[in-house]
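Engineer: pasting the structure only:
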Ligand code: SF4
């Protein structure tokens, strides 16, 4: 209920420019994508971090529109507490969220705390997650990280990057997702989607994920930092998709600097 009224409030108070962009995207008349060879050329340039940068005003406007369209974005992974979120993110490496969500209900029904997961043991975990890619390594990591949380962190998920990154199977990206989604920190976990969006749009051109992460941290207005990670990832996953982005349905088409599209 509270979510509904917040959404209504943001859309209702949106500026005319925002409303116009949302309406165009809804109609499918925001921009046209160029033929495949031109798109590929544009993507090649973008992946080398040489896109034309967006201005600060354009970046502010892009987040204003994403917020108007989706005021409370969140992860698509199913979880019930910081520990199940951590496990779900570890399991999602090189796998889809949908695939992880199919396996985790049975796992979390048996073990939704580090103590229960440690007691479940690697063999049983492996059995429960065998539909997920790299399940053998992931089962080992989940069992080990549960033991470490019990023995070194009082059965809690730590709130610092250093402690998170010291856990097996947890890298910078996973730590950033947990810090942002479970603890509300203003972190951005740059994955393949955010890397693409940062480069194509010109919001944060960079050759490596670290370059893009650092640029995003510098350019995202403070009021949007809490949810920026999810807006960017959802935009990359559903609109600015890799092969043929849906520019005609994109709410930031007129702000995006990607030369592979033409604004209508
Ligand atoms: S951000 Fe929008 S306009 Fe730009 S490439 Fe992606 S989908 Fe197309």
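Structural biologist: All right, it came through fine. None of these values were measured; they are calculated from a predicted model. Residues are numbered from 1 along each chain as shown.
Engineer: now for the helix ranked longest in the chain, which elements pack on it?
Structural biologist: As assigned by DSSP state H, the longest helix anywhere in the chain is helix 135-152. Using 3 or more C-beta pairs under 8 Å, 6 or more residues apart in numbering; DSSP states H and E, the elements in contact with helix 135-152 are helix 82-91, helix 114-120, helix 122-128. From N, CA and C alone the C-beta is placed, and that goes for glycine too.
Engineer: elements contacting the helix or strand hosting residue 109?
Structural biologist: According to DSSP states H and E, residue 109 maps onto helix 97-110. Other elements packing on helix 97-110 under the criterion 3+ C-beta pairs under 8 Å, 6+ apart are helix 82-91, helix 122-128.
Engineer: Can you tell me which of those is most buried?
Structural biologist: Ranked by mean neighbour count, these are led by helix 82-91 with a mean of 24 (mean count of other C-beta atoms under 10 Å).
Engineer: so it versus helix 97-110, what angle?
Structural biologist: 140 degrees (axes from the mean of the first three to the mean of the last three C-alpha atoms, to 10 degrees).
Engineer: mind listing what residue 156 touches?
Structural biologist: Residue 156 sits next to 82, 114, 149 when contact means C-beta atoms under 8 Å, 6 or more residues apart in numbering.
Engineer: Can you mark which positions in the next helix or strand after the longest helix of the chain are buried?
Structural biologist: Counting by DSSP H and E, the next helix or strand C-terminal to helix 135-152 is helix 161-165. Judged by neighbour count using 16 or more other C-beta atoms under 10 Å, the buried positions of helix 161-165 are 161, 163, 164.
Engineer: Enumerate the residues of this structure near the ligand.
Structural biologist: Within the chain, the positions lying close to the ligand (C-beta under 6 Å from any ligand atom) are 31, 200-201, 239-240, 245-247, 250, 252-253, 256, 258, 261.
Engineer: okay if I get those residues as TSV plus secondary structure?
Structural biologist: Formatted as TSV, the residues of the chain next to the ligand follow (DSSP: H, G, I helix; E, B strand; the rest coil):
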residue	secondary structure
31	strand
200	helix
201	helix
239	coil
240	coil
245	coil
246	coil
247	helix
250	coil
252	coil
253	coil
256	coil
258	coil
261	strand
